[in-house]
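> Here's a sequence, model it:
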Amino acid sequence: MVDLIASDGTRLNYLEYGDPAGRPVVLIAGFAAPATSWRYQVKPLARAGYRVLALDRRGHGTSEPGDGEPTMERHGGDIGDLLEALDLTDATLVGQSMGGDAIWALVAGHGTGRIRDIVIVDQTPCMLNSDDWPHGFYDYDDANRDTFFATGIPDPGRFPAKSKGLVRIARLLTSLEVPRGGAPAFSEAQLALLDDHAKRDWRPVVAGCDVPILFVAGAESEFWPAEHAAAAAALNPLADSVVIARDGHAANIEQPLMFNRILLDRLQGVDAGRAGG
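Next comes the predicted model:
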């Protein structure tokens, strides 16, 4: 675990693995998830020769929450601070759930100058359902946009935990470090961040992104239809998508072997394409 001081003075932590001279792969976990939730990815990526960094976003894991208002812009800025502090270039950014939207906040505010490509893991770019976007969080629309996430993340009733089987459940409990008795109530700061996250529409940022993007969806995601990945990819000619069967929202945890194969194939494919060009 290594300390990083963000541009507003907040202490953030990150994990680092692999070859310091390798091409960087930066892993950004989702809401309330620690950097250690990438436990199934860091060793395979390091063995493949990459420099692997997993960031504890502010208020997550062992990073400080900071004093300012919790916003997606600040979380995107923190990723930018990591890239700049370590002088990372040609980096692949991999964001799961809210971590994916933190990447879009980074791109919107700071561009893609240090980024080679982006992988978004089961995160729709717009959580609010509308006539032109039916790929948001189940049952979340303009009628309840101010109350739907007021106390936490609602259970839409799709693909319940018991349908995952014991192995997938055990991986989730271990990787997300869920305490005995279940997850604690969210703090006011966490709920404010969740509300900000839920109301954003990153589709224009996706459409204008000038680096390759891969959208990965779980076929059994608890929160939104898997079609969100193809719909998001259709916004940008540099984007494509893949759906993992028998996989839920935490694709990198529930089906790590398949997810790692997809990610490594993607990384090596991008490398090969650049080398061949």
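> use CA for all of it now, contacts and neighbours both
Fine.
> just how off-centre is stretch 139-148 within its chain?
Mean-position distance between stretch 139-148 and its chain equals 23 Å (CA atoms, centre = their mean, to the nearest Å).
> can I have that stretch written out in CSV, keeping just the CAs?
The C-alpha trace of stretch 139-148 is given here as CSV (Å, rounded to 0.1, in the frame of the first residue of the first chain):
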residue,chain,number,x,y,z
ASP,A,139,-37.1,1.1,-12.2
TYR,A,140,-35.1,4.4,-11.9
ASP,A,141,-36.7,7.3,-13.9
ASP,A,142,-37.5,10.9,-13.7
ALA,A,143,-40.4,10.3,-11.4
ASN,A,144,-38.2,9.1,-8.6
ARG,A,145,-34.8,10.6,-9.5
ASP,A,146,-34.6,12.6,-6.2
THR,A,147,-35.6,9.7,-3.8
PHE,A,148,-34.6,6.4,-5.4
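> what comes into contact with it?
Stretch 139-148 has contacts (CA atoms under 8 Å, 6 or more residues apart in numbering) with 127-130, 154, 156, 199.
> Determine which two of these are furthest apart.
Greatest spatial distance in these: Ser130 and Pro154, 18.6 Å, computed using CA to CA.
> Filter the contacts of stretch 139-148 down to the buried ones.
Using 16 or more other CA atoms under 10 Å as the burial test, those include 127-129 as buried.
> quick one: which of the residues you listed is nearest Gln41?
When the buried ones among the contacts of stretch 139-148 are compared for distance to Gln41 (CA to CA), Met127 wins out at 26.5 Å.
> The closest one reaches Phe149, doesn't it?
No. At 11.4 Å, Met127 and Phe149 do not qualify as touching, with contact defined as CA atoms under 8 Å.
> Spit out the residues that contact these two alike.
Taking CA under 8 Å, 6+ apart as the criterion, Met127 and Phe149 both touch Ala198.
> now the strands for this structure?
Ranges of strands within the chain are 2-5, 11-18, 24-28, 51-56, 91-96, 115-121, 213-218, 239-244, based on DSSP state E.
> Export these as CSV, with columns for mean pLDDT, mean neighbour count and distance to Tyr138.
Formatted as CSV, the strands of the chain follow (pLDDT from 0 to 100; neighbours: other CA atoms under 10 Å; distance: least, CA to CA, whole Å):
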stretch, mean pLDDT, mean neighbour count, distance to Tyr138
strand 2-5, 90, 14, 37
strand 11-18, 97, 20, 33
strand 24-28, 98, 26, 24
strand 51-56, 98, 25, 28
strand 91-96, 98, 23, 18
strand 115-121, 98, 24, 17
strand 213-218, 96, 26, 15
strand 239-244, 96, 20, 18
